[in-house]
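Asks: dropping a prediction and its sequence here:
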Amino acid sequence: MTRDEVKIVKVRGPNGGARPNVGRLKKEDALKMVELMDKICPKERMWELLLDKCEQGDTAAIKLWLSYNVGLPKQIVENTNININAGELPTAKIKAFNKELEDKY
């Protein structure tokens, strides 16, 4: 391929900044959407359909059902930060801590 045959295509636009039609819906738009969905299919009917899926063994439906009726399990976050004032430690001790953490994780 020669240089003249190669077309340069701009794949991405400018990064950052506000762009139209992105981000979270405004609360009033979200409420309108819920009202429209309720007119199309009442919530009771949706629960019945979800129950049917659960009875068929659909694991995604079962997870959704449980998350609404039982709740999600408590999320546990392991804190691996060491709360030490590094300015008071000698350099050798800091290097030993770093080495220990690297070996552990």
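Replies: On my side now, so go ahead.
Asks: tell me where this structure is predicted with low confidence.
Replies: By pLDDT under 70, the low-scoring segments of the chain are 1-17, 81-87.
Asks: the helices in this protein, which residues?
Replies: With DSSP state H applied, the chain shows helices at 27-40, 43-55, 59-69, 91-104, listed in chain order.
Asks: between these, which gets nearest to R19?
Replies: R19 lies closest to helix 27-40 among the helices of the chain, at 17.0 Å (CB to CB). No exception for glycine: its C-beta is placed from N, CA and C like everyone else's.
Asks: next, the angle from the closest one to helix 43-55.
Replies: Here helix 27-40 runs at an angle of 80 degrees relative to helix 43-55 (axes from the mean of the first three to the mean of the last three CA atoms, to 10 degrees).
Asks: so how far is helix 27-40 from its chain's centroid?
Replies: Distance, stretch centre to chain centre, for helix 27-40: 23 Å (CA atoms, centre = their mean, to the nearest Å).
Asks: re the thing from before, and of the helices of the chain, who's closest to T80?
Replies: Going by CB to CB, the one of the helices of the chain nearest T80 is helix 91-104, 7.6 Å.
Asks: if we can go back for a sec, which of the helices of the chain sits closest to N79?
Replies: With CB to CB, the closest approach to N79 among the helices of the chain belongs to helix 91-104: 13.0 Å.
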